[in-house]
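# model the structure of this input:
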Amino acid sequence: MIKQQQKGFTLIEVLISITLLSLVLMALYKSADILRNSNLHLFKHLEKSSNTLKGSRTLYMDLTHADHNITVLTEDKLHRLIIENTTHSLYGQGAAKVTWLVAKENNTLLRIEGGNYTIPLRGEQRVEVDEVAKDIEMFKIYKSKKRDKILAIIQIKGQEAQTFMVQNIPLRPVDTNGTKKKKPTKPQIK
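Numbering: from 1, shown residues only. Sure thing, here's the model as predicted:
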């Protein structure tokens with residue numbers, strides 16, 4: 001007797017394959033849901049941090065291209081940063097004086113760039129003023145004892161504080177040809 005070959009699947013085989021397929025699809029759906037939530041969380045975090053990073057990046061570049069002549073003044077709970085000479089210019093100046101301060105109106109963080117100017121500004125002084133961020137709760141700058149490191153803390157209302165440190169700030173001014181200028185010697189009195 002010759003056996004006939006089975007041409008189809010039995011009902012039990014079909015039910016088992018449907019059950020296995022549904023288990024695999026449920027696992028894939030759960031993985032895709034976890035990935036979607038993770039991407040959404042990352043997008044929200046990056047969107048939130050990008051608001052503060054814009055100003056932080058500019059401040060970082062101002063400090064890394066500065067010479068040693070950096071002054072930090074404390075006003076109430078906020079600091080004022082004065083960089084007498086930086087080669088990082090947003091307006092094409094070879095060497096610029098840059099001041100970072102928080103204006104009392106709306107606690108607005110401002111970046112002022114120009115040649116040789118004083119604050120408060122007078123009409124004849126040519127400067128560029130950029131509004132970096134509003135609702136600043138904290139703008140603090142700390143210098144190390146050796147004055148070669150600076151710690152910056154910026155916090156916008158409702159956001160986490162942004163901190164960074166700039167290291168290896170040159171202790172002596174850099175000449176235009178890239179060599180360090182020698183400190184002027186004091187005349188000796190005999």
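# H65 - how many residues pack around it?
Using other CB atoms under 10 Å, H65 has 18 neighbouring residues. Bear in mind the C-beta positions are built from the backbone N, C-alpha and C, glycine included.
# dump the residue contacts of it.
By CB atoms under 8 Å, 6 or more residues apart in numbering, H65 lies in contact with T86, T87, H88.
# top of these by neighbour count?
Highest count within those by other CB under 10 Å belongs to T86, 21 neighbours.
# how about that one, phi and psi?
When read as degrees, to the nearest 10, the backbone of T86 gives phi -130, psi 140.
# my read: it touches G94, true?
No - between T86 and G94 there is no contact under CB atoms under 8 Å: 10.4 Å.
# on the three-state scheme, D62 is what?
Using DSSP: H, G, I helix; E, B strand; the rest coil as the criterion, the local structure at D62 reads helix.
# nearest spatial neighbour of Q125, skipping sequence neighbours?
In space, Q125 comes closest to Y117 once its chain neighbours are excluded; the distance is 4.3 Å by CB to CB, 6 or more residues apart in numbering.
# and for that neighbour, the neighbour number?
16.
# how far away is it from E124?
Going from Y117 to E124 by CB to CB, to the nearest Å gives 10 Å.
# what does S56 give?
Here S56 is placed at a distance of 32 Å from E124 (CB to CB).
# the more surrounded of the two?
Using other CB under 10 Å, the more surrounded residue of S56 and E124 is S56, with 17 against 6.
# give me the secondary structure label for that one.
Once three-state DSSP is applied, S56 turns out helix.
# tell me, how many residues neighbour the residue nearest to it when sequence neighbours are not counted?
Spatial nearest neighbour of S56, chain neighbours left out: Q162 (5.3 Å); criterion: CB to CB, 6+ apart. Neighbours of Q162 under the rule other CB under 10 Å: 18.
# ok, now A96?
By the criterion of other CB under 10 Å, A96 has 24 neighbours.
# state the pLDDT value of it.
For A96, the pLDDT comes out at 89.
# remind me which helix or strand the residue nearest to it when sequence neighbours are not counted belongs to.
Spatial nearest neighbour of A96, chain neighbours left out: S89 (4.4 Å); criterion: CB to CB, 6+ apart. For S89, there is no helix or strand it lies in under DSSP states H and E.
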